[in-house]
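*Asks:* build the 3D model from these lines:
(one chain, ligands or ions: 1)
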Amino acid sequence: MVEPTANQLQKNIDDTNDYPRENFLEAYKNRNRILFEVASACSKLVGIEKFELLVPGRETEEQVSVIKEESGVIKLRKARKHRREPNLVIPLIDPTSKRLGELHFYGVVNDRDRVFLNFFERWATACVYFSQLYRRHENANGHTVAPPTTPSPSPEDSEFIARQRRLNAFLLEVVRSLFHDIEKTQLLITKVLSFAQKLVDADRASLFFLDMRTNELYSRIFDNQGDDDPKVAIVEDGIKEIRFPTSRGIAGYVARTGEGVNIANAYEDARFNPEVDSQTGYHTTSVLCMPIFIRKTVMGVMQMVNKRNGGRFTAVDEEAFETFAVYCGLALHHAKLYDKIRRSEIKHRIAMEVLSYHGVCNQDEVNKLKKAVPQTESLRLMENFDFNGHALDHVEKPLYAVYMFDTLFRDKFKYARDDLIRFVLTVRKNYRVVPYHNWTHGWTVAHAIFVVLRKTNIFTPLESLALYVSCICHDLDHRGKNNAYMKTMSTPLAMIYSTSVMEHHHFNQTVTILQQEGHNILQSLSKEEYQECLGLIKHCILATDLALFFQNKAQLGSILKEGHFDWNEEQHRSLSKAVLMTTCDLIATAKPWPVQIETVSVIFQEFYDQGDAERKNGRTPMAMMDRDKANELPDLQVGFIQGICLQCFELIAKIIPETQILVDRSYQNLNRWKEMSEENKRKKEQEAIADGTENGV
Ligand SMILES: Nc1nc2c(ncn2[C@@H]2O[C@@H]3COP(=O)(O)O[C@H]3[C@H]2O)c(=O)[nH]1
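*Replies:* Model (predicted):
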């Protein structure tokens, strides 16, 4: 037998490679076409060009030749008369032993080709058979008509494929309704029940939920009549509920054991509870009952009763029902989750309504503020960074906050003054009474940006508006605990926000206040300006997270170092606003010494409160928050001013020279803290000496 040369084999492989796979996509509609593609693939495989495909003629058993024209059209012709016998005849027989035709090869065939072709023939004819089977049922669902020569599958196959297709179609429907009808749990359950009934051809269907607390099964959908348009046994005055302990009946057995049961005659089964029949007058014979699991826990039981043809439920019913029960569990679990989410959303909405009622200022406060008159002297002093916000009382701070807003924006934006007054008073109301991160701090930071904006003309009106609103709101609803604490204690806020926990919350509170009736000082802005302003406010408030300062400082510092800083560059403006926010947030360090001392005392009061809370939770607070280390305060201040504040103020002074005074003041305060630190050290040494003398050292 002549073996093909390596070149010949390579040519065969190349030929096969250029045999387009999509041929089979098209071919599956016509059996002869598939057989012809198979034949031409075989001939390429063995490198024999001359072949003939013969199939039984339509009218007579006489074989006809299948040819494929240039155009790709398959034609049947009278079989050609050949001068010689074919070298190889491959009979084409499908898995049901039906003869589909013969493949005649005219050329030298070696033994290995024979083995190959015979093997190939089995797979090819099996593919033909199943593609035709699929095809047959594709048109059973109203698609294109299959050619008359398509072999008819056996009745069992038809039913199996049809049922499979019905199950697939329904499961797709269940998943679809998961997303569309999810809020109508009852409707979804009804759909699920009605389909299950059709699937196994049952007379009645029931769905029971397991009540873990009472170990009972209860059904809100019972005795689903199973018509095409399901009528659920929901009594006029509401949903009917059947309830019984899991110790009773077949459903109870399935719920307890998690095992499905298929019973031919219920009255012959000890587990059956005939009471329900006596209540409903219905006679139960065959029962198919499956558990519904969610994460390996039985959450319910679905029961089909009385196979319509009078027999028992078949193994195929069981299998289909088992698949179906999984989807049913998914649908019900989804529906329960959705209900839970919906309920919590409603509770949230109610909480927000209550909160916003109590969280906004009242009319008395508004009227009181409207009557207040700013002091000229205070207005003069407020033009400088040194001004001490602590000196203002509870009415003066909002009064001057309104004054600052008016001064900055009265001729730039339209806003209702009462809205502005309500906004400022509600902002005040939403700062908590904590030692440092309170309304006075919010006001002080707003005053700092007021002075910057009064002394410069760098920022656009919209940027200035965003900066002022950000500063006055930047610590709204602060609880006197830092982000690290919020995360360590796994507070709800830390669960919502993964980074800059408090700063995200401060921004969220700002938006909530703006959205309150009669509070929206931005409402005269166009839609685009409003969106831009909110975006700027978010950027500015998030920038007050000291953890972000270091990267902002590094970026801005390197831009300045390379001499590339340009106010016209959006990124440079954005970085500048961020560092400017930190500058205002740390302004206390650049206040005159008496103000610095007063502020630091409340800062550390808040720090020590946090340290106490951490200790209560079994954690060791950092030195700055440890009241047992209060003697280290001057050192800590030296570190804080050198390591953070001066870095910030020196940087901002490079781009906004009007803030140079902050650098000078900080150095003055730094020197005071250094003197205190030195004083502490001397005292400590003297105490040590005194101790040593006493102990005779
Ligand atoms: N140690 C120290 N920390 C300060 C001082 N002023 C502000 N801070 C810290 O700087 C932080 C800036 O952001 P926050 O307002 O969230 O919280 C502030 C305080 O934790 C100060 O004078 N001393």
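
*Asks:* number of residues surrounding the closest residue to the ligand within the stretch 301-450 of the chain?
*Replies:* The ligand sits closest to His437 of the stretch 301-450 of the chain, with a gap of 6.1 Å, by C-beta to the nearest ligand atom. Backbone N, C-alpha and C define where each C-beta goes, glycine included. By the measure other C-beta atoms under 10 Å, the count of residues near His437 is 24.

*Asks:* helix, strand or coil: sort out the closest residue to it other than its chain neighbours for me.
*Replies:* Once flanking residues are discounted, His437 sits nearest to His478: 3.6 Å by C-beta to C-beta, 6 or more residues apart in numbering. At His478 the chain is in coil, as set by DSSP: H, G, I helix; E, B strand; the rest coil.

*Asks:* pretty sure His478 sits against Val434.
*Replies:* Yes - the criterion here is C-beta atoms under 8 Å, and His478 meets it with Val434 at 6.4 Å.

*Asks:* between these two, point out the one with more neighbours.
*Replies:* Relative neighbour count places His478 above the other of His478 and Val434, with 23 against 17, counting by other C-beta under 10 Å.

*Asks:* show the backbone phi and psi for that one.
*Replies:* His478 adopts backbone torsions of phi -70, psi 140, taken as degrees, to the nearest 10.

*Asks:* and it, how far from the ligand?
*Replies:* Distance of His478 to the ligand, computed by C-beta to the nearest ligand atom, to the nearest Å: 7 Å.

*Asks:* re the thing from before, so what's the residue nearest to His437 up against?
*Replies:* Going by C-beta atoms under 8 Å, 6 or more residues apart in numbering, His478 touches 431-432, 434, 437-438, 502, 506.

*Asks:* coming back round to it: name the helix or strand for the residue of the stretch 301-450 of the chain closest to the ligand, please.
*Replies:* Using DSSP states H and E, His437 sits in no helix or strand.

*Asks:* again with Glu685
*Replies:* Counting by DSSP H and E, Glu685 is part of helix 660-694.

*Asks:* so which elements touch that helix?
*Replies:* Contacts defined by 3 or more C-beta pairs under 8 Å, 6 or more residues apart in numbering; DSSP states H and E place helix 660-694 against helix 593-616, helix 633-640, helix 646-655.

*Asks:* try 6 Å this time
*Replies:* helix 633-640, helix 646-655 (3 or more C-beta pairs under 6 Å, 6 or more residues apart in numbering; DSSP states H and E).

*Asks:* now do that helix and helix 633-640, the angle between them.
*Replies:* If you take axes from the mean of the first three to the mean of the last three C-alpha atoms, to 10 degrees, helix 660-694 sits at 140 degrees to helix 633-640.

*Asks:* indicate whether helix 660-694 makes contact with the ligand.
*Replies:* No - applying C-beta under 6 Å from any ligand atom, one finds helix 660-694 separated from the ligand by no less than 8.9 Å.

*Asks:* could you pull out the buried residues of that helix?
*Replies:* Neighbour-count burial for helix 660-694, with 16 or more other C-beta atoms under 10 Å as criterion, is recorded at 661-663, 665-667, 669-670, 672-674, 676-677.

*Asks:* stretch 495-511 now?
*Replies:* Neighbour-count burial for stretch 495-511 flags 497, 500-510 (criterion: 16+ other C-beta under 10 Å).

*Asks:* number of nearby residues for the spatially closest residue to Lys674 that is not a sequence neighbour?
*Replies:* Closest residue in space to Lys674, ignoring its immediate chain neighbours: Val638 at 5.7 Å, by C-beta to C-beta, 6+ apart. If you count neighbours by other C-beta under 10 Å, Val638 ends up with 18.

*Asks:* and among the helices and strands packed on helix 660-694, the most buried is which?
*Replies:* Stretch with highest mean neighbour count among the helices and strands packed on helix 660-694: helix 646-655 (a mean of 20; mean count of other C-beta atoms under 10 Å).

*Asks:* ok, now how distant is the residue nearest to Lys674 from Glu678?
*Replies:* Per C-beta to C-beta, to the nearest Å, Val638 is found 10 Å from Glu678.

*Asks:* re the thing from before, kindly reformat the buried residues of stretch 495-511 as TSV containing secondary structure and distance to the ligand.
*Replies:* Putting the buried residues of stretch 495-511 into TSV (DSSP: H, G, I helix; E, B strand; the rest coil; distance: C-beta to the nearest ligand atom, whole Å) gives the following:
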residue	secondary structure	distance to the ligand
Tyr497	coil	14
Ser500	coil	10
Val501	helix	11
Met502	helix	7
Glu503	helix	8
His504	helix	13
His505	helix	12
His506	helix	9
Phe507	helix	13
Asn508	helix	16
Gln509	helix	14
Thr510	helix	15
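
*Asks:* output the residues you listed as CSV; include the columns pLDDT.
*Replies:* Shown next, in CSV, are the buried residues of stretch 495-511 (pLDDT from 0 to 100):
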residue, pLDDT
Tyr497, 92
Ser500, 96
Val501, 96
Met502, 97
Glu503, 98
His504, 96
His505, 96
His506, 97
Phe507, 97
Asn508, 95
Gln509, 94
Thr510, 96
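
*Asks:* from those residues, which two are the most distant?
*Replies:* Farthest apart among the buried residues of stretch 495-511 by C-beta to C-beta are Val501 and Thr510. That separation is 15.4 Å.

*Asks:* mind checking the longest helix of the protein?
*Replies:* Across the chain, the longest stretch assigned as helix under DSSP state H is helix 315-359.

*Asks:* who are the neighbours in contact with Leu210?
*Replies:* Residues counted as contacts of Leu210 (C-beta atoms under 6 Å, 6 or more residues apart in numbering) are 255, 298-300.
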